[in-house]
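In: sequence below, structure please.
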Amino acid sequence: HELAPITVEQWRTGLRARLALDDTTITDDALEHLIALGEGHPRATMLLAQQAHLMCIEEFAHQIDNAIIVQALVRALAAERLRHEQQIVRIRAAGRYGERMVVRIATGSELYAGLQSGQASRALNSLRDIGLIERGEGHGQWFLTDPLLRRYLVQRRLSP
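Out: Okay, the predicted model is just below:
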């Protein structure tokens, strides 16, 4: 069964309630930042919240602010590194142009540049079939389903 998306208000209410169980609060701007970084993706949003909460515990603090959210993103990406590297292996196994296409989607680059339409279509369909991308609203628009994977791919591309 496909689950309904979690609304921003549901995220606000749910995250505040979960944090309150441990006498932790979150500033309004930090909460909005956390939700924005998670982009509605349940796993990414919860991982960011988990990392932020862990930082509070480590610092003997009881309030999450924007600085903690920024560091939580760094820690979440580090925690996901092995998973992302494993996904690169899956992408490469999905076809010859899969890695090129997923990086183009992640960076917002022209998808079809230098490829025949059949090559690009097969790569996109393979990536969709393994659950990494979905069609966007417009013709020829695609997006990565995991915002943390997208950030990993962008950082990987920009690294020397």
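
In: tell me what the longest helix along the chain is packed against?
Out: Longest helix in the chain by number of residues, with DSSP state H as the criterion: helix 66-93. Under the contact criterion of 3 or more Cβ pairs under 8 Å, 6 or more residues apart in numbering; DSSP states H and E, helix 66-93 touches helix 28-38, helix 42-58, helix 98-107, helix 147-158. Just so you know, the C-beta spots here come from the backbone N, C-alpha and C atoms, and that holds for glycine as well.

In: ok, now with 10 Å
Out: If contacts are counted by 3 or more Cβ pairs under 10 Å, 6 or more residues apart in numbering; DSSP states H and E, helix 66-93 sits against strand 25-26, helix 28-38, helix 42-58, helix 98-107, helix 117-129, helix 147-158.

In: nearest to residue 75, of those?
Out: Proximity to residue 75 (Cβ to Cβ) singles out helix 42-58 among the helices and strands packed on helix 66-93, at 4.3 Å.

In: could you export the closest one as PDB, CA atoms only?
Out: The C-alpha trace of helix 42-58 is given here as PDB (Å, rounded to 0.1, in the frame of the first residue of the first chain):
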ATOM      1  CA  PRO A  42      10.300  10.100   6.100                       C
ATOM      2  CA  ARG A  43      13.600   8.300   6.500                       C
ATOM      3  CA  ALA A  44      15.700  11.400   5.800                       C
ATOM      4  CA  THR A  45      13.700  13.600   8.100                       C
ATOM      5  CA  MET A  46      13.800  11.100  10.900                       C
ATOM      6  CA  LEU A  47      17.500  10.600  10.500                       C
ATOM      7  CA  LEU A  48      18.100  14.300  10.700                       C
ATOM      8  CA  ALA A  49      15.900  14.600  13.800                       C
ATOM      9  CA  GLN A  50      17.700  11.600  15.400                       C
ATOM     10  CA  GLN A  51      21.100  13.100  14.800                       C
ATOM     11  CA  ALA A  52      20.000  16.500  16.100                       C
ATOM     12  CA  HIS A  53      18.600  14.800  19.200                       C
ATOM     13  CA  LEU A  54      21.800  12.800  19.700                       C
ATOM     14  CA  MET A  55      23.800  16.000  19.600                       C
ATOM     15  CA  CYS A  56      21.600  17.500  22.300                       C
ATOM     16  CA  ILE A  57      22.200  14.500  24.500                       C
ATOM     17  CA  GLU A  58      26.000  14.600  23.900                       C
END
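
In: much appreciated, bye for now.
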